[in-house]
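Colleague: quick one, what's the 3D model for this:
(4 chains)
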There are 2 protein chains.
Amino acid sequence: MFDAACPSAASPFRIADKWGGMVVLCLEAGPRRFTELRVPLQRIAPKVLTETLRSLERDGFITRTVFDENPPHVEYELTPLGRSLLPAIAACREWGFANLDKMREARERYDGDGAEAA
Amino acid sequence: MFDAACPSAASPFRIADKWGGMVVLCLEAGPRRFTELRVPLQRIAPKVLTETLRSLERDGFITRTVFDENPPHVEYELTPLGRSLLPAIAACREWGFANLDKMREARERYDGDGAEAA
DNA sequence: GAGCCTAGTTACGTTGCAGTGACTGGGTCC
DNA sequence: GGACCCAGTCACTGCAACGTAACTAGGCTC
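Modeller: Okay, the predicted model is just below:
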């Protein structure tokens, strides 16, 4: 879903923090558990995922529900406020699909000129 | 235009870097000079503005034109690629107008609970 | 009783963004 | 000849984000 080559890392848009937007997208289809979120976000460290989730919870975008079971069971789910982010995130993604290549070309041109001049 | 109390600093959306989105908006109406950009962005340091402009130029969002005059004269202007950002930025701003208050309330609730518990 | 499960925590280190304060350089004005 | 103008640069600092690696807790299974 989001592999290391995913160009979204280069997007000029950032939601909350580096992983915030991706987590929100992962929750779009419904509630998920901690380890279910780690699967699509392969490269995220548990510590960073915890921080991201706490930050999203603080901002009122997601809820954290603990089920008193064994093994432990915690679910994260988008709130209405969290869902309100989706249209804006979609606009950012659309921009990316249409223009990220142009941005990368511009960047290579700029860096290339600099390297030649040096 | 963007004073210290401007809530956009709290927005979960970030374009390029902290000031990138605001600079693009400042250039929406037409080309501007370095010091003309500093006026609406009161609190930006010249170093930071230079870095922001270089970064936007690298990504192909703006052009930098030097007029060989005295005193020095440099103009920054949006490229078509830079203008392509405007609809997405507008979507992010609309989200802010509609929801930033709710986000702040959620944040205060969260921090308040934490402070009471401690 | 060793090891696995989930959902984290703790300690530590690196990187980069952001910001402050002082300074530059060529030309014009007084 | 001193001060001001614009458009920066330079050296330095603070802080948060990001990341790695190792460790924890309680209960279940083998």
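Colleague: list the contacts of A:Ala16.
Modeller: Residues near A:Ala16 by CB atoms under 8 Å, 6 or more residues apart in numbering or on different chains: A:52, A:55-56, A:59, A:61, B:12. Just so you know, the C-beta spots here come from the backbone N, C-alpha and C atoms, and that holds for glycine as well.
Colleague: can you do 6 Å?
Modeller: For A:Ala16, the contacting residues are B:Pro12, by CB atoms under 6 Å, 6 or more residues apart in numbering or on different chains.
Colleague: list phi and psi for it.
Modeller: phi 60, psi -80 (degrees, to the nearest 10).
Colleague: model confidence for it, exactly?
Modeller: pLDDT recorded at A:Ala16 is 93.
Colleague: cool, and the one 10 residues further on?
Modeller: Looking at A:Cys26, its pLDDT stands at 95.
Colleague: how many other residues sit next to it?
Modeller: Using other CB atoms under 10 Å in any protein chain shown, A:Cys26 has 21 neighbouring residues.
Colleague: so how far is DNA strand D from A:Phe67?
Modeller: Distance of A:Phe67 to DNA strand D, given as CB to the nearest atom of the strand, to the nearest Å: 13 Å.
Colleague: so which residues on chain A come close to DNA strand C?
Modeller: A:33-36, A:46-47, A:50, A:53, A:64, A:71-74 (CB under 7 Å from any atom of the strand).
Colleague: please pick the buried ones from those.
Modeller: A:34, A:53 (16 or more other CB atoms under 10 Å in any protein chain shown).
Colleague: what angle do helix B:85-117 and the longest helix along chain A make with each other?
Modeller: Assignment by DSSP state H gives helix A:85-117 as the longest helix of chain A. With axes from the mean of the first three to the mean of the last three CA atoms, to 10 degrees defining the directions, helix A:85-117 sits at 120 degrees from helix B:85-117.
Colleague: helix A:85-117: how far from the chain's middle?
Modeller: 17 Å (CA atoms, centre = their mean, to the nearest Å).
Colleague: what is it packed up against?
Modeller: Packed against helix A:85-117 by the contact rule (3 or more CB pairs under 6 Å, 6 or more residues apart in numbering or on different chains; DSSP states H and E) you find helix B:85-117.
Colleague: buried sites along the helix it packs on?
Modeller: For helix B:85-117, by 16+ other CB under 10 Å, it's B:85, B:88-89, B:91-93, B:95-96, B:99-100, B:103, B:106, B:110.
Colleague: quick check: end-to-end length of stretch A:38-51?
Modeller: The straight-line separation of the ends of stretch A:38-51 (CA to CA, to the nearest Å) is 13 Å.
Colleague: so for it, what's the average pLDDT?
Modeller: Stretch A:38-51 shows a mean pLDDT of 91.
Colleague: pLDDT value on the spatially closest residue to A:Asp111 that is not a sequence neighbour, please?
Modeller: Once flanking residues are discounted, A:Asp111 sits nearest to B:Arg58: 7.4 Å by CB to CB, 6 or more residues apart in numbering or on different chains. pLDDT, B:Arg58: 95.
Colleague: cool, the one 3 residues further on as well?
Modeller: At B:Phe61 the predicted local confidence, pLDDT, stands at 98.
Colleague: quick check on it: phi, psi?
Modeller: Dihedral angles (degrees, to the nearest 10) for B:Phe61: phi -90, psi -30.
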